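Undergrad: Sequence first, then the predicted structure, then my questions.
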Amino acid sequence: MQELIARSRSDFAQASLLLLETAWLIDRHSAKVATAGAATFTAVISARATDPRLASNS
């Protein structure tokens, strides 16, 4: 259980940093420049949402 909590916290931090970096790129450059960052953020969130270890047991 501790590993799951640690992994969740790590994944949340990763997603937060990717989101901040993408927002910064949009602010400093343009949305076109930030496309790769947005795609990476989407991939991380999708992987987290489909993680079988987080499936509900109910």
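TA: Thanks, I have the structure now.

Undergrad: could you pull out the strands for this structure?
TA: Ranges of strands within the chain: none, based on DSSP state E.

Undergrad: nearest residue to the residue nearest the centre of it other than its sequence neighbours?
TA: Here the mean C-alpha position of the chain is nearest to the C-alpha of A15 (CA atoms, centre = their mean), at a distance of 2.8 Å. Once flanking residues are discounted, A15 sits nearest to V44: 5.3 Å by CB to CB, 6 or more residues apart in numbering. (C-beta placed from N, C-alpha, C; glycine too.)

Undergrad: How about the contacts made by that neighbour?
TA: Contacts for V44 (CB atoms under 8 Å, 6 or more residues apart in numbering) come out as 11, 14-15, 18.

Undergrad: which of those are buried?
TA: By neighbour count, with 16 or more other CB atoms under 10 Å, the contacts of V44 hold 11, 15, 18 as buried.

Undergrad: Low-confidence regions, the protein specifically.
TA: Scanning the chain for pLDDT under 70 picks out 54-58.

Undergrad: now the helices for it?
TA: Remark: helices assigned in the chain by DSSP state H are 2-28, 35-49.

Undergrad: Same question for the last one: list its buried residues.
TA: Put plainly, it is helix 35-49. So, applying 16+ other CB under 10 Å, buried residues of helix 35-49: 37-38, 41, 44.

Undergrad: what does stretch 1-21 give?
TA: For stretch 1-21, using 16+ other CB under 10 Å, the buried residues are 11, 15, 18.

Undergrad: thought the second one was touching A49?
TA: So that's A15. No: the pair A15 / A49 is not scored as a contact, 10.6 Å apart, by CB atoms under 8 Å.

Undergrad: and the gap between the residue nearest to A15 and T50?
TA: 11 Å (CB to CB, to the nearest Å).
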